[in-house]
Structures are given as structure tokens and as C-alpha cells.
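[1] Sequence first, then the predicted structure, then my questions.
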Protein chains: 2
Amino acid sequence: MRRTDVPDVVIRRLPLYLRCLTYMAERGQSVVSSQELGAWVGVSSAQIRKDLSYFGEFGRQGLGYEVTYLRDQLRTILQADKRWSIVLVGAGALGHALVNYRAFESWNYDLSAVLDNDPEKVGQPIGDLRVRPMEDLVASVHETGAKIAILAVPAEAAQSVAEQLVAAGIRAILNYAPMNLVLPAEIHVSYIDPIASLQSTTFYL
Amino acid sequence: MRRTDVPDVVIRRLPLYLRCLTYMAERGQSVVSSQELGAWVGVSSAQIRKDLSYFGEFGRQGLGYEVTYLRDQLRTILQADKRWSIVLVGAGALGHALVNYRAFESWNYDLSAVLDNDPEKVGQPIGDLRVRPMEDLVASVHETGAKIAILAVPAEAAQSVAEQLVAAGIRAILNYAPMNLVLPAEIHVSYIDPIASLQSTTFYL
């Protein structure tokens, strides 16, 4: 199974299964059925079985899945068992909220540098770090070994900053700016945009 | 065409088309081909045509789409032309970042009440508002006419607060808490979770 053979929509569901299994393991649950896992995540039990079948045989007919085993397998598949350095660009209100979001630390993500082009922000403390100028971007990426960046800049700056990130060696971008990025195909971009989410929602109201 | 006949994945792409068309219209572009729109959003021109075909005939063979016409049609389809009141629960760092996010206002969303159960936060200013106690939830929803809520509370509180929101009359929830919600099928929930997005991304690295 090559990684590119798995549909992207399946890859987007795996973290939801992982989160659910982690929660169950913390509460001491040892076995889960595809029905129960599906009910939590909001998909059918058939979908659960089909999604997991891309990666192997994890359950036994009539016995369900062993919670910690499946959790650990998903962590390995998603490479969530590794520690990842992240460079954050944008030290505004969103940047501050992200630096203070404890879930990054507990899920093995290390926000190891924060940059901004605003001279009034550069040098200011942010969490345990200090905001660095954009001129430090290449040095920050090299020092931290970051392959992932979070983009928390205004829409009009997003494309230009994204290109600088790619030139500095970043290979994956989590983009909070409400702007589609046009980048080489090998760069993985995911989008977080509350406006787009709200607009999809109001369609149904 | 009933709304439920359109695949959810299509509905999630429409806001991206809308954002792109809005940007083009602001820059005075009058016509766009499905190729150009697809390149911006990162889907094929065939996908653009297929997605739009659920709602009617918007372009002419060889002539492409009229930018402002298609923009206005998408705004109507997504009900993005209406003004929506939103109740925000959670006045932590994320809540503050959301209240200060100007895109809500410019896209017709009105964050009209902010609630929190922390006595130290209740009564404090947040943007142009003051944080209200959770006891005010039903009153807040009724006063503002909100059908949408944003959930920016810790994971362990999310399910309980979501149930209170539904009981108060909320029909759509944008959930920032890293927790799947189990709610009646008619409630529309969308999830914003940077951890899940990062884990989908690291699969490919």
C-alpha cells in the first residue's frame, strides 16, 4: 500500500478515530466495536472497517478492536508518535491563542519559533518564546528542524509568506489565513477557516 | 434538487469557490474559466463543473463563468447573503481571538453574545461585549435570535455545553473543542481542530 493510494478523506478521519481511542484508553476501556467507534465519530461501522482495511487487519470478527493496540497502530500510521517542531508565522491574537493552546504539547507538537514582520511585535514575549523577525525565517527552520509551519497572517500576506516558508524548507503548512495557497504539489496544505465552515453550515439551516 | 441530495463534500468546497470569486470580483475580474477557478482552489475543472451542476447552469460553453453572477448565486445557495447571529461559549484565549477576528463581521456573522462559566471571566469586557454567565444562555439565544453557536471550551466540557446549546434552540455548532459531539442528527456540527489537521498532514511527510 503506497501512501498515495489511500483517499485523502480517509486520512482526514483517522485522527478522529485516534482521538476517540485515546479517550477510551484513558478511561480504561479495553475493547471497542466498529459500531461504537462509528457512533462516536459519526460514520457507519462499515465505513470504519473499510477505512482501517487500507492499513491491515486490526480487529477480529465478533470481537471488535483492542483499544490500545489500534490506538498505537494509528499513531504510527499518522506518524503521531514522533515529535514535530513547528514554526508559527503571525504573532497577532490568533498567534497568541495558538501558543497558549496546551493540546499541541500533549500531542507531540513543539511550537519552537514564532515570527512576525511587525517591528512592534518583534522581541516581545509570546508563551516561553520571543517573537523573531521574518529575516530569521531560514535560520529558525534550520535551528528547529521544523518541516511544518502554521500560517496565522492576514489573507493578503498568506501567499507571499507561504512561498518564503517553502523556500526555507517547510513541507507542510497549516493555513489559518482565509486564502487558498498556490504551491508546488508536494507541499501539503491544510486549511482552517471558520468562515468557510460557517458557510457550509448555513447551507443546511 | 433537495438540499440533502448534494454530497457534503461539495458543500464544503462551495465556500472556497465563493472566497475566490469574491477576491476576483474585488480586483475587477469579470469572467473566470473552470480551469482558472480550479487551479485556485486545487481541484480539477471537471470537478468545478460537476459541483456547480447540482445547482443549475452557471456558465456558457467556451465562455466561462461571469464572476459577480456566480459569486451572488453561491452567496444565495450558502445563505451567506443573510446576516447570522452567533453565540460564543468560552472566553479564554481562543474566545478572545475569535471576538477580535474581523472576518466574521465582513462576512455577515455577528458575534452577539459571549458566555463563560468562570466567575472571574463573567462581567469582563471582550471586544464590544461583556462576558455573560452560562445561566444567561437561553436568554442570550432568544435575545439575539442566534441559530449558530461557536464552542470554544475545553474538551471535557464540550458535550455538556453542546447539549445545553441544543436545548436552548441552537441548530448549528462550530466546535473548536477537540472532542466529537454526539447530538441529534438534525444539528449540524463542524469541527475545527488543528491537532486533527496536523495529524492528517504528518501522514504524508
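    Good, I have the coordinates.
[2] Does A:L74 touch A:R13 like I think?
    No - counting by C-beta atoms under 8 Å, A:L74 stays clear of A:R13, with 10.5 Å between them. For glycine as for every other residue, the C-beta is placed from the backbone atoms N, C-alpha and C.
[3] neighbour-wise, which of those two wins?
    Neighbour count, other C-beta atoms under 10 Å in any protein chain shown: between A:L74 and A:R13, A:L74 has more, with 22 against 19.
[4] Nearest spatial neighbour of the more buried one, chain-adjacent residues omitted?
    Using C-beta to C-beta, 6 or more residues apart in numbering or on different chains and skipping the chain neighbours, the partner closest in space to A:L74 is A:L18 (4.4 Å).
[5] Give me the distance from the helix or strand that contains the one you found to the chain's centre.
    Per DSSP states H and E: A:L18 is located in helix A:8-26. Computed by C-alpha atoms, centre = their mean, to the nearest Å, the chain-centroid distance of helix A:8-26 equals 12 Å.
[6] ok, and what's touching it?
    Helix A:8-26 has contacts (C-beta atoms under 8 Å, 6 or more residues apart in numbering or on different chains) with A:32, A:37, A:40-41, A:43, A:47-48, A:51-52, A:54, A:67-68, A:70-71, A:74-75, A:77-78, A:80, B:9, B:178-180, B:193, B:195-197, B:199-200, B:203-204.
[7] Next, the residue positioned nearest the centre of chain A: phi, psi?
    The structure's chain A has its C-alpha centroid closest to A:L174; by C-alpha atoms, centre = their mean the separation is 6.9 Å. The phi/psi pair for A:L174 (degrees, to the nearest 10) reads phi -100, psi 110.
[8] Show me what the residue lying closest to it once chain neighbours are set aside bridges to in the sheet.
    For A:L174, ignoring the flanking residues on the chain, the nearest one in space by C-beta to C-beta, 6+ apart is A:I150 at 4.7 Å. A:I150 has these beta-bridge partners by DSSP bridges: A:L88, A:L174.
[9] Now for A:I150: which residues touch it?
    With C-beta under 8 Å, 6+ apart, A:I150 has these contacts: A:86-90, A:98, A:111, A:173-174, A:176, B:194.
[10] ranges for the helices of chain A?
    A:8-26, A:34-41, A:45-53, A:67-77, A:93-99, A:103-106, A:137-144, A:155-167, A:194-202 (DSSP state H).
[11] want to throw the ones you listed into a markdown table with mean pLDDT?
    Listed next are those as a markdown table, based on pLDDT from 0 to 100:
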| stretch | mean pLDDT |
| --- | --- |
| helix A:8-26 | 92 |
| helix A:34-41 | 90 |
| helix A:45-53 | 93 |
| helix A:67-77 | 96 |
| helix A:93-99 | 91 |
| helix A:103-106 | 90 |
| helix A:137-144 | 97 |
| helix A:155-167 | 96 |
| helix A:194-202 | 93 |
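[12] what about A:L115, how many neighbours?
    26.
[13] I'd say it and A:G95 touch.
    No - shown here, A:L115 and A:G95 do not form a contact pair, counting by C-beta under 8 Å, at 9.4 Å.
[14] Give me the common contacts of these two.
    With C-beta under 8 Å, 6+ apart, A:L115 and A:G95 have common neighbours A:L88.
[15] Tell me how many other residues crowd the residue nearest to A:L74.
    Neighbour tally, A:L18, other C-beta under 10 Å: 23.
[16] Likewise for the one 10 residues further on?
    When neighbours are defined as other C-beta under 10 Å, A:G28 has 7 of them.
[17] ok, now how distant is it from chain B?
    16 Å (C-beta to the nearest C-beta, to the nearest Å).
[18] Show the pLDDT at that residue.
    At A:G28, the model reports a pLDDT of 96.
[19] Could I get the phi/psi values of it?
    phi 80, psi 10.
[20] Return the set of buried residues in the top strand by length along chain A.
    When chain A is parsed with DSSP state E, its longest strand is strand A:109-116. Within strand A:109-116, the residues that count as buried by 16 or more other C-beta atoms under 10 Å in any protein chain shown are A:109, A:111-116.
[21] Same list as before, the residues you listed that is, but in TSV and with distance to B:R27 and pLDDT included.
    Output for these, formatted as TSV (distance: C-beta to C-beta, whole Å; pLDDT from 0 to 100):
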residue	distance to B:R27	pLDDT
A:Y109	36	96
A:L111	34	96
A:S112	37	96
A:A113	34	97
A:V114	31	98
A:L115	28	98
A:D116	27	98
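[22] Of those residues, which ones also sit close to chain B?
    The residues of those that also fall near chain B, by C-beta under 8 Å from any C-beta of the partner chain, are A:Y109.
[23] Looking at the buried residues of strand A:109-116, spot the one nearest chain B.
    A:Y109 (6.2 Å; C-beta to the nearest C-beta).
[24] looking at it, that closest one is touching A:W84, isn't it?
    Yes - shown here, A:Y109 and A:W84 form a contact pair, counting by C-beta under 8 Å, at 5.4 Å.
[25] about what we covered before: pick out the most distant pair among the buried residues of strand A:109-116.
    A:Y109 and A:D116 (19.7 Å; C-beta to C-beta).
[26] A:Y17 - how many residues pack around it?
    By other C-beta under 10 Å, neighbour count at A:Y17 equals 24.
[27] got it, and the one 3 residues further on?
    Burial of A:C20, expressed as a neighbour count using other C-beta under 10 Å, amounts to 21.
[28] From A:L70, how far out is it?
    Counting by C-beta to C-beta, to the nearest Å, the gap from A:C20 to A:L70 is 10 Å.
[29] do A:A103 as well
    21 Å.
[30] Dihedrals phi and psi, the residue located most distally from the centre of chain A?
    What lies farthest from the middle of chain A is A:G62; by C-alpha atoms, centre = their mean that is 33.2 Å. Dihedral pair for A:G62: phi 80, psi -10, per degrees, to the nearest 10.
[31] Spit out the contact partners of A:T144.
    With C-beta under 8 Å, 6+ apart, A:T144 has these contacts: A:85, A:87, A:110, A:112-113.
[32] same question, A:I126
    So A:I126 contacts A:91, A:95-96, A:99, A:114 (C-beta under 8 Å, 6+ apart).
[33] Any chance of TSV for those, columns distance to A:Q159?
    Output for the contacts of A:I126, formatted as TSV (distance: C-beta to C-beta, whole Å):
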residue	distance to A:Q159
A:A91	19
A:G95	18
A:H96	24
A:V99	24
A:V114	20
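[34] just to revisit the earlier point, out of the contacts of helix A:8-26, which end up buried?
    Looking at these with 16+ other C-beta under 10 Å, the buried ones turn out to be A:32, A:37, A:40-41, A:43, A:47-48, A:51-52, A:67, A:70-71, A:74-75, A:77-78, A:80, B:178-180, B:193, B:195-197, B:199-200, B:203-204.
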